[in-house]
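**Student:** Sequence and predicted model, in that order:
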Amino acid sequence: MNTKLFPEIVLNWIDGAEKGATDGALFNNLSPASGKMLCQAVGSKQADVDRAVAAAKNAYPAWAGMTPVQRGDILMAIARNMRENAETIAAIVAAETGMAPSAALGETGGAIAQAEFMAGEGRRLYGRTTTSAVPNKYAMTVRHPLGVAGLIIAANTPIANVAWKVFPALICGNTAVLKAAEDTPATAWYFGKLAQEAGLPSGVLNILQGLGEAAGAPLVAHPDVAVVSFTGSTAVGRQIAETAGRRLAKVSLELGGKNPLVVCDDADLDNAVKWVVLSAFSNAGQRCAAGSRIIVFDAVYDQFRELLVAATQRLKVGPTDMDDLGPVINETQLTNMVAAVEQASQEGAHVLIGGSRMTTPDHADGFYMAPTVIENADPRSGISTQEVFGPITCLYRVSDFDAALQMANDSPYGLTACIHSRNVHRVMEFTQKVQAGVAVVNAGTYGSEPHMPFGGVKQSGNGSREPGTEALDIYSNLKDIYICVEPDLI
């Protein structure tokens, strides 16, 4: 239990104050690295959701009534507070996720960059002026907030996920209720503390702890929540879309991926191996943008496989800066990963390395999945088509570029994709034809930046894009304004 970083019981933030659950419910938060108790968090339910939404609704008129520049100044103060407390944020992230401290600090830096960028949008909350076809008539558009935003995040990159949603929602003039990821309650709680200390008015941001069904579902269904933004699994995203759709609420869904990384016969194989390892195994493979389908030209397949297995064997697994990847977030996820590999093996796939829970003394008490490389999996099998969200990747052999592109696109998902090649013609064709929201050349399948839109096609999302300035379209409505002039009165 790390009482120096966060309290033994992590509470909600509602209307600027810490609050317990109405019924006193609690749930345990365990360390993925050791399996030991980190803290408890309050188990919010419908009554707590109602309180948080009411607080946000009450705070909305004053917050929306501020100029965007004034809102941006307050959000920039939060960003400064984050920067001043970056080491503490990173320590909490590392404790809750098992991430190495340096990786947690890197994630924290990305969250701060997102905060600063979006705070700056207060001076660039553009509409447009344009011409009218009618004489003596002038046309323009302006942005207006929606109301209360319901924000639901995942635990894989907890502080980045907070910043990804909170800052664009607030800069547009909405107030918000954030449902924290149940595996990383202290990260969201500490962010709420920093926001209060920076002068964010009470009720503008409310943070709920709790389980998805108990706290997340009532938030999505609440009639006073105007927009719902969710990052997580496709299955849950589908449920959210159905619930919110019945009341015509606006929805942004950033969902799963089964992301292809193509290695051509002219690729720099050492560079390709480096990026496959990072795409598949960094953050224990817990990225929606993880590289989980490695598609390799036949001419270099055997050589590449040998290099990849050797590189995977060299990986160190643990929670320190000396390690390459840490544990997965909880035991349920770990059990599902092991079962997925066992099922793939039963269906004829060959596990080249890994494939099981790590049980050595340094790993036995935590939730560690061995870095796993699989080959000969059927492209239509579960391991090839379903997101596993762990350090597991599959190798596929193809004859040429056309076969590689076809396999890359033969997926229910379409989030990110990557190609390794020195051939500019292949690269251009791939980036244009691959069915994905993000296409990368000669690097990894991940690496979004705060000022760029991120999202996918097919079952990877509903077409929305966060962050970037495109996020403003999610959290605001456009209003057309027409001004007609009477010439005789001029």
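**Tutor:** Perfect, thanks for sending it.
**Student:** so Met369 sits right up against Ala339, yeah?
**Tutor:** No. The criterion here is C-beta atoms under 8 Å, and Met369 misses it with Ala339 at 11.5 Å. The way it works is simple: take the backbone N, C-alpha and C, and place the C-beta from them, glycine included.
**Student:** Those two: who's more crowded?
**Tutor:** With neighbours defined as other C-beta atoms under 10 Å, Met369 and Ala339 compare such that Met369 has more, 28 against 12.
**Student:** Now do the domain split for this structure, please.
**Tutor:** What automatic domain parsing lists as the domains of the chain is 9-255+461-478, 259-441.
**Student:** Tell me which of the ones you listed approaches Met452 most closely.
**Tutor:** Shortest distance between Met452 and these, using C-beta to C-beta, is found for domain 9-255+461-478: 5.0 Å.
**Student:** what's the model's confidence in the closest one, averaged?
**Tutor:** For domain 9-255+461-478, mean pLDDT rounds to 97.
**Student:** now do the same end-to-end measure for it.
**Tutor:** The straight-line separation of the ends of domain 9-255+461-478 (C-alpha to C-alpha, to the nearest Å) is 42 Å.
**Student:** so who does Ala154 touch?
**Tutor:** Ala154 sits next to 161, 181, 231-232 when contact means C-beta atoms under 8 Å, 6 or more residues apart in numbering.
**Student:** for Ala155, same thing?
**Tutor:** Counting by C-beta under 8 Å, 6+ apart, Ala155 touches 96-97, 181-184, 329.
**Student:** same deal with Ile152?
**Tutor:** Contacts for Ile152 were tallied using C-beta under 8 Å, 6+ apart; they are 178-179, 212, 216, 219-220, 228-232, 240.
**Student:** Just the ones of those in helices?
**Tutor:** Judged by DSSP state H, the contacts of Ile152 include 219-220, 240 as members of helices.
**Student:** List just the nearest of the contacts of Ala155 to Trp63.
**Tutor:** Using C-beta to C-beta, Ala181 comes nearest to Trp63 of the contacts of Ala155, at 24.8 Å.
**Student:** how would you label the residue nearest to that closest one when sequence neighbours are not counted: helix, strand or coil?
**Tutor:** Nearest residue to Ala181 in three dimensions, chain neighbours excluded: Ala155, at 3.7 Å (C-beta to C-beta, 6 or more residues apart in numbering). State at Ala155, reduced to three classes by DSSP: H, G, I helix; E, B strand; the rest coil: coil.
**Student:** how far away is Ala155 from Ala186?
**Tutor:** Look at Ala155 and Ala186: by C-beta to C-beta, to the nearest Å, they are 11 Å apart.
**Student:** pLDDT weak spots in the stretch 301-450 of the chain?
**Tutor:** Low-confidence segments of the stretch 301-450 of the chain (pLDDT under 70): none present.
**Student:** those helices in it, which residues are they?
**Tutor:** 331-346, 382-385, 401-409, 424-433 (DSSP state H, counting those that start in this stretch).
**Student:** the strands in the stretch 101-250 of the chain, which residues?
**Tutor:** With DSSP state E, counting those that start in this stretch as the criterion, the stretch 101-250 of the chain has strands at 128-130, 137-145, 148-152, 175-179, 205-208, 225-231, 250-254.
**Student:** Pull up the pairing partners for the third one, direction included.
**Tutor:** Sheet neighbours of strand 148-152, with direction, are listed as strand 175-179 (parallel), strand 225-231 (parallel) (DSSP bridges).
**Student:** Contact partners for the residue lying closest to Ala111 once chain neighbours are set aside?
**Tutor:** Spatial nearest neighbour of Ala111, chain neighbours left out: Ala163 (3.9 Å); criterion: C-beta to C-beta, 6+ apart. Taking C-beta under 8 Å, 6+ apart, we find Ala163 in contact with 110-112, 114-115, 118.
**Student:** Would you mind measuring from Ala163 to Pro218?
**Tutor:** 24 Å.
**Student:** what's the answer for Gly237, then?
**Tutor:** The spacing between Gly237 and Pro218, counted by C-beta to C-beta, is 17 Å.
**Student:** what's the answer for Lys179, then?
**Tutor:** Using C-beta to C-beta, Lys179 is found at 9 Å from Pro218.
**Student:** Check Gly455 too.
**Tutor:** Distance check for Gly455 against Pro218: by C-beta to C-beta, it reads 26 Å.
**Student:** ok, now Asn161?
**Tutor:** In terms of C-beta to C-beta, Asn161 sits 20 Å off from Pro218.
**Student:** what about the strands of the stretch 101-250 of the chain, which gets the closest to Phe6?
**Tutor:** Minimum separation from Phe6 across the strands of the stretch 101-250 of the chain (C-beta to C-beta) falls at strand 205-208, 13.1 Å.
**Student:** Dump the closest one to PDB, restricted to CA.
**Tutor:** Extracted in PDB, the C-alpha atoms of strand 205-208 (Å, rounded to 0.1, in the frame of the first residue of the first chain):
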ATOM      1  CA  LEU A 205     -14.900  18.300 -13.800                       C
ATOM      2  CA  ASN A 206     -16.300  15.500 -11.700                       C
ATOM      3  CA  ILE A 207     -14.400  12.200 -11.400                       C
ATOM      4  CA  LEU A 208     -16.200   8.900 -10.500                       C
END
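**Student:** what residues does that strand touch?
**Tutor:** Here strand 205-208 makes contact (C-beta under 8 Å, 6+ apart) with 12-15, 44, 48-49, 52-53, 55-56, 166, 170, 175-180, 188-189, 191-192, 195, 215, 219.
**Student:** list the residues that contact both of Ala155 and Ala186?
**Tutor:** In terms of C-beta under 8 Å, 6+ apart, Ala155 and Ala186 are both contacted by the residues Glu96.
**Student:** Show me what Asn12 bridges to in the sheet.
**Tutor:** Lys19.
**Student:** doesn't Lys19 make contact with it?
**Tutor:** Yes. Asn12 lies in contact with Lys19 (C-beta under 8 Å); the separation is 4.8 Å.
**Student:** Same drill for the two, tell me which one is more crowded.
**Tutor:** Between Asn12 and Lys19, Asn12 has the larger neighbour count (other C-beta under 10 Å), namely 28 against 18.
**Student:** What's the separation between the more buried one and Ala160?
**Tutor:** Asn12 sits 21 Å away from Ala160, taking C-beta to C-beta as the criterion.
**Student:** and what of Ala186?
**Tutor:** Distance of Ala186 to Ala160, given as C-beta to C-beta: 15 Å.
**Student:** which residues touch Ala62?
**Tutor:** Residues near Ala62 by C-beta under 8 Å, 6+ apart: Pro201.
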